[in-house]
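Trainee: turn this into a model:
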Amino acid sequence: MAQDNQSQTAQAHNDRGIAQARGGNLAGAVAAFEAALDRDPDFLLALNNLGNARVIMGRNEDALALFARALALQPGFAPALHNSGMALAALGRHEEAVAAFAKAIAREPDYVSAYNNLGYSLRALGRREEALAAFDNCLARDPNYGYAHAGRASLLQAVGKIGEARIALERAVRLLPGNPTFHGALAEIKHFGPGDPQIAAMEALLAKMSSTAPRMELHFALGKAYDDVGRNRDAFAQWRLGNVLKRASITYNETAELGAQRDIASVYTAPVISALSGGGDNSDIPVFVIGMPRSGTSLVEQILASHPRVFGAGERAEFGQSVVGENPGGRGIYEIPQFSPQALQRIGARYAQELKALAPGAARIVDKLPENFFFAGLIHLALPRARIIHIARDPADTCLSCYSKSFARGLGYTYDLGELGRFYRAYQNLMAHWRAVLPAGAMLEVQYETLVGDLEGEARRIVDYCGLDWDARCAAFHQTERGVHTASQFQVRQPIYKSAIGRWRAYREDLGPLFEALAFTPS
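Mentor: Numbers count the residues shown, from 1 in each chain. Modelled structure (predicted):
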């Protein structure tokens, strides 16, 4: 009888925890689930529910331990398998997450959310066809599952099927109108016209939204919408609010960032470059497209990737990882003069091998990580036959474009106009240094405005620099279907346009801190 009473008490605490969670009281829910487990440590549902709460709190390792206890009690318990996948995905362990979701589906073939979350982990692994199949399986079981429509949209968008992606996102917004992420994603792939109902919907949602992260997303999305319809002051006001929230949520050390660029220039002097030249790996496959974000790097990559002998690999981190792998625990590029010719060869060979594995049959593979401008000297030493294409754009246009976006990774300098301008000047100084110390022909300079004004002429120059014969598809780059995963994925699907040139002029009254940091006098 005492055991029955204890079980009933544990059940009551678990029920109270569920009610607290539904009411938004996460702390109360956790306390109730813990009380249930105090009375019955093997209470399967309470273990699973407490694990879910830990996932929401970001304590994913703790959650995994709770799910493991639940699965030890009942190995085929599908909710714990699914929720283990959620925790693993949050930790970036997507291969393990895929396995967990698959096990949950094997136990419950109609587990709708497991198909959806399987799709997101497969997408993170770059397994697009499998991810699309997972979202389709989810929607076959529940056509009104908004997250699956959004997941499908992200895959369709990445391969250039913008129309289909928009339809899927519009469906997601209709199903879950209070989700700011869906509004933001839709805003990025459409052009708003006056009276667009989505503008009013976002305004209403923002008015009742209190949480910082969702508000930030809506500020950037509304800024995009207002910019499209010519409400420039309203657009900038929204961008400012979004940037203030984003800047407060990140850590950015301006002294360290700008100092790093000065340190690089002091290390890679002309005598050092000359003394270390002549070695490295002999591969001619890599093409590095470098510059500031939002300067046209995606456009150059898309032009090249439209060539049948070129593979566009997107933004890759492998070169920096190769440097760190050669000097673990050290200061990486700052210690390069101490590297032997053999070390330089290993850095280049490791990178070239990893890059080639992405497209074994390609003659050239494009790495368009903009921040590789830090590495231009080291790239030349480790891969002397690699092509380096530097694209530059009007400083004010570049910086305004950066300021109008909330980036998925890094780029902490973009959320304050003064910091953004000072970073841009440091970048300009480092690029001037590379021009001075690298040998002639080591780097091709492309100006965005010239590229837009003479697309075929500049595209021919870029293709020729890469040692390839001209192919007319490079001038019809917007028709090329391939994966693009940057903030420019909508723009590179459009024919060339000139409306972004001089865009800053519409915002000149708001850009004073940027002009001051750039030492720029608007005319």
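Trainee: tell me the secondary structure at V287.
Mentor: Of the three states, V287 takes strand under DSSP: H, G, I helix; E, B strand; the rest coil.
Trainee: and for it, the neighbour number?
Mentor: For V287, the tally of surrounding residues (other CB atoms under 10 Å) stands at 30. All C-beta spots, glycine's among them, are computed from the backbone N, C-alpha and C.
Trainee: now do the buried residues in stretch 511-523.
Mentor: The neighbour-count check on stretch 511-523 (16 or more other CB atoms under 10 Å) flags 511, 514-515, 517-518, 520 as buried.
Trainee: which of those residues sits closest to A436?
Mentor: L518 (21.4 Å; CB to CB).
Trainee: which residues are in contact with that closest one?
Mentor: Going by CB atoms under 8 Å, 6 or more residues apart in numbering, L518 touches 395-396, 399, 421, 424-425.
Trainee: same deal with L430?
Mentor: Here L430 is in contact with 261, 264-265, 373-374 (CB under 8 Å, 6+ apart).
Trainee: pLDDT added to those, as TSV?
Mentor: Below are the contacts of L430 laid out as TSV (pLDDT from 0 to 100):
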residue	pLDDT
Q261	93
I264	92
A265	94
F373	96
F374	93
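Trainee: can you pick out the most distant pair from the residues you listed?
Mentor: Across the contacts of L430, no pair lies farther apart than A265 and F373, at 11.8 Å, counting by CB to CB.
Trainee: higher neighbour count, these two?
Mentor: F373 (22 against 17).
Trainee: pLDDT score assigned to G160?
Mentor: What the model reports for G160 is a pLDDT of 80.
Trainee: host element of it?
Mentor: Here G160 sits in a region with no helix or strand, counting by DSSP states H and E.
Trainee: okay, now it: neighbour count?
Mentor: Counted with other CB under 10 Å, G160 comes out at 21.
Trainee: so how far is R93 from it?
Mentor: 30 Å (CB to CB, to the nearest Å).
Trainee: ok, which stretches of the stretch 351-500 of the chain are helices?
Mentor: In the stretch 351-500 of the chain, the helices defined using DSSP state H, counting those that start in this stretch lie at 376-382, 395-403, 417-437, 448-453, 455-465.
Trainee: circling back to that earlier point, farthest pair in the contacts of L518?
Mentor: Most distant of these, by CB to CB, are A396 and R425, 12.4 Å apart.
Trainee: where exactly do the strands run in the stretch 151-300 of the chain?
Mentor: 286-290 (DSSP state E, counting those that start in this stretch).
Trainee: what segments of it are helices?
Mentor: Assigned by DSSP H, counting those that start in this stretch, the helices in the stretch 151-300 of the chain fall at 162-175, 180-188, 197-207, 212-228, 232-249, 254-267, 270-276, 297-305.
Trainee: most tightly surrounded among these?
Mentor: Mean neighbour count (mean count of other CB atoms under 10 Å) peaks for helix 297-305 among these, with a mean of 27.
Trainee: could I have it exported to CSV, CA atoms only?
Mentor: Extracted in CSV, the C-alpha atoms of helix 297-305 (Å, rounded to 0.1, in the frame of the first residue of the first chain):
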residue,chain,number,x,y,z
THR,A,297,31.8,36.9,-53.0
SER,A,298,28.7,34.8,-53.6
LEU,A,299,28.2,36.4,-57.0
VAL,A,300,31.8,35.5,-58.0
GLU,A,301,31.4,32.0,-56.8
GLN,A,302,28.1,31.6,-58.6
ILE,A,303,29.7,32.8,-61.9
LEU,A,304,32.5,30.3,-61.5
ALA,A,305,30.3,27.5,-60.3
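Trainee: what's it packed up against?
Mentor: Using 3 or more CB pairs under 8 Å, 6 or more residues apart in numbering; DSSP states H and E, the elements in contact with helix 297-305 are strand 286-290, strand 310-312, strand 364-367, strand 387-392, helix 448-453, helix 455-465.
Trainee: minimum distance to M209: which of the ones you listed has it?
Mentor: Of those, nearest to M209 by CB to CB is helix 448-453, at 36.0 Å.
Trainee: so how far is stretch 447-454 off the chain centroid?
Mentor: 26 Å (CA atoms, centre = their mean, to the nearest Å).
Trainee: now do that stretch, average pLDDT.
Mentor: For stretch 447-454, the mean confidence score works out to 95.
Trainee: just to revisit the earlier point, with distance to G23 added, can I get the helices of the stretch 351-500 of the chain in TSV?
Mentor: Compiled in TSV, these are given as follows (distance: least, CB to CB, whole Å):
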stretch	distance to G23
helix 376-382	55
helix 395-403	39
helix 417-437	41
helix 448-453	52
helix 455-465	57
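Trainee: which of those has the highest mean neighbour count?
Mentor: Most buried of those by mean neighbour count (mean count of other CB under 10 Å) is helix 376-382; its value is a mean of 26.
Trainee: per-domain residue ranges of this protein.
Mentor: Per automatic domain parsing, the domain ranges recorded for the chain read 2-190, 263-502.
Trainee: picking that back up, out of the buried residues of stretch 511-523, who's nearest A12?
Mentor: L514 (59.5 Å).
Trainee: which residues touch the closest one?
Mentor: Shown in contact with L514 (CB under 8 Å, 6+ apart): 396, 399-400, 403, 417-418, 420-421, 520.
Trainee: mind giving me the packing neighbours of the helix or strand of the chain with the lowest mean pLDDT?
Mentor: Ranked by mean pLDDT, DSSP states H and E, the helix or strand of the chain with the weakest confidence is helix 2-22, at a mean of 81. Counting contacts by 3+ CB pairs under 8 Å, 6+ apart, helix 2-22 is packed against helix 26-39, helix 44-56.
Trainee: list the buried residues for that helix?
Mentor: Buried residues in helix 2-22, counted by 16+ other CB under 10 Å: 10-11, 13-14, 16-18, 20-21.
Trainee: how about stretch 31-45?
Mentor: Quick answer for stretch 31-45 (16+ other CB under 10 Å): 31-33, 35-37, 39-40, 43-45.
Trainee: quick one: which of those is nearest R152?
Mentor: The closest of those, once distances to R152 are taken by CB to CB, is L45, at 32.3 Å.
Trainee: residue contacts, that closest one?
Mentor: Contacts of L45 (CB under 8 Å, 6+ apart): N14.
Trainee: gap between it and A426?
Mentor: From L45 over to A426 (counting by CB to CB), the distance is 56 Å.
Trainee: next one: G314
Mentor: 25 Å.
Trainee: with Q447 instead?
Mentor: Q447 is 20 Å from A426, where distance means CB to CB.
Trainee: and if you look at G126?
Mentor: From G126 to A426 the distance is 33 Å (CB to CB).
Trainee: before we move on, what about I56?
Mentor: 40 Å.
Trainee: now swap in E257 and tell me
Mentor: Counting by CB to CB, the gap from E257 to A426 is 8 Å.
Trainee: ok, Q261 next?
Mentor: 5 Å.
Trainee: likewise A114?
Mentor: 47 Å.
Trainee: any regions of the stretch 101-250 of the chain where pLDDT drops low?
Mentor: Nowhere does the stretch 101-250 of the chain drop to pLDDT under 70.
Trainee: can you rerun that using 90?
Mentor: The model of the stretch 101-250 of the chain has pLDDT under 90 over residues 126, 157-162, 209-213.
Trainee: same thing with the stretch 301-450 of the chain?
Mentor: In the stretch 301-450 of the chain, residues with pLDDT under 90: 317, 320-343, 408-410.
Trainee: same thing but at 70, please
Mentor: 328-338.
Trainee: give me the residue at the spatial middle of the protein.
Mentor: Central residue of the chain (CA atoms, centre = their mean): A408, 4.0 Å from the mean position.
Trainee: that'll do, ta.
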